[in-house]
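Engineer: Have a look at this prediction, sequence included:
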Amino acid sequence: MLKFIKKIAKKLIYGNQCDQDTFIQFLRSGGAKIGEDVNFFCLEKCQVDTLNLHLLEIGSHVNIVASTILTHDYSWSVIKNKYGEILGNQQPVKLCNNIFIGTGSLILGGSIIEDNVIIGAHSVVSGVCEHDSVYAGVPARRIMSLEEYKQKREARQITEAKTFVQKYIEAYGTEPDISKLHEYFYLFSNSENLNPAFEDKLKLNGNYEIAKKYLETYEPEFPNFDEFLKKAKESKLQ
C-alpha cells in the first residue's frame, strides 16, 4: 500500500517524468522517434524540449544523465523587440545509436550525434559529433577517438580496481564481495570462470552474445578473484 502511495505521489510531483517508461511513452506520443534501451538517468533533472517533439530522434542504446535537449531557440525575441521581425529557429536533433551523454550537458537544436559517441559532462553540443569519438567542452569538440579512449580506460583498470578495494576496506573494515567489483570483473574473469553475479552486466545494451563471445577468448590479468584481491590488498595507493 505504501509503495502504491509513493508511486502516486511521485506521479503528482513529476508528472510525465515520474519514471522512465512514462517519460519515453510521453515523448513518443508527442511525435519523437525513440529506439530501444534509451535511459534518462536522474530523470527529474533531465529537460527535453517538448515544443517540437516531432523534431527529436533518438536511436537505440542511448544513455542520458541529467542533461538538456533543445529543438528551438527563443533568442529571436531580441530581434523582434528591436526590429519587429520574427525569425524562427526550430531545428531537429538526432541522437543516433550507442551514445552516452554526461551529466549537465546541453544539446542544442540542429545537433547530430552519430553512432558510438561519448559526450563529456557539462558539454555544449552544437552541430555534428562524428561517429566513434569522444567530445567534451564548451563548445563540445572532438578530443579523441573511441579507440583511444578504450585504450586509456584499459590502462587504468588495475589501478582503479585496486584503489576501489583498498578504500572499501578502509570504509567498512572488511573485504568487498565479488559482486562489488561489477565494473572490473574483466580483470579476473573469462567465460570459464564467470561468476553468475555478472551475467546482468553482460546483458546490458542488448549485446549479450557479443560480450559473451568476447569473453571466450579473453585472457584476464588475474587467474581468479581471490588472486586479484590478494594483490589489491598488497599494493600501496599511488
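Structural biologist: Yep, it's here.

Engineer: residues of stretch 162-174 that come out buried?
Structural biologist: Residues of stretch 162-174 classed as buried under the neighbour-count rule (16 or more other Cβ atoms under 10 Å) are 162, 164-165, 168. Heads up, the C-betas are built off the backbone N, CA and C, glycines and all.

Engineer: From those residues, pick the one nearest Phe41.
Structural biologist: Nearest to Phe41, judged by Cβ to Cβ, of the buried residues of stretch 162-174 is Phe164 at 20.9 Å.

Engineer: For the helix or strand harbouring the closest one, name the packing helices and strands.
Structural biologist: When elements are assigned from DSSP states H and E, Phe164 belongs to helix 146-172. Helices and strands touching helix 146-172, by 3 or more Cβ pairs under 8 Å, 6 or more residues apart in numbering; DSSP states H and E, are strand 117-119, strand 133-136, helix 225-234.

Engineer: what lines up beside the first one in the sheet?
Structural biologist: Next to strand 117-119 in the sheet, as set by DSSP bridges, lie strand 99-101 (parallel), strand 133-136 (parallel).

Engineer: Need those in CSV (columns: mean neighbour count).
Structural biologist: Conversion of the strands paired with strand 117-119 to CSV gives the following (neighbours: other Cβ atoms under 10 Å):
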stretch, mean neighbour count
strand 99-101, 23
strand 133-136, 20
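
Engineer: and Val93, which of those is closest to it?
Structural biologist: Of all the strands paired with strand 117-119, the one in closest proximity to Val93, counting by Cβ to Cβ, is strand 99-101 (11.5 Å).

Engineer: and that closest one, what's its mean pLDDT?
Structural biologist: Across strand 99-101, pLDDT averages out at 98.

Engineer: List of residues touching that strand?
Structural biologist: With Cβ atoms under 8 Å, 6 or more residues apart in numbering as the contact definition, strand 99-101 has outside contacts at 59, 61-65, 67, 95, 107, 113, 115-119.

Engineer: where does this protein dip in pLDDT?
Structural biologist: Within the chain, the segments meeting pLDDT under 70 span 1-14, 235-238.

Engineer: Kindly recompute the last result at 90.
Structural biologist: Under the criterion pLDDT under 90, the flagged ranges of the chain are 1-20, 190-197, 199-208, 210-213, 215-218, 233-238.

Engineer: That one: helices as residue ranges?
Structural biologist: Secondary structure of the chain by DSSP state H: the helices cover 2-14, 20-29, 76-83, 146-172, 199-203, 208-216, 225-234.
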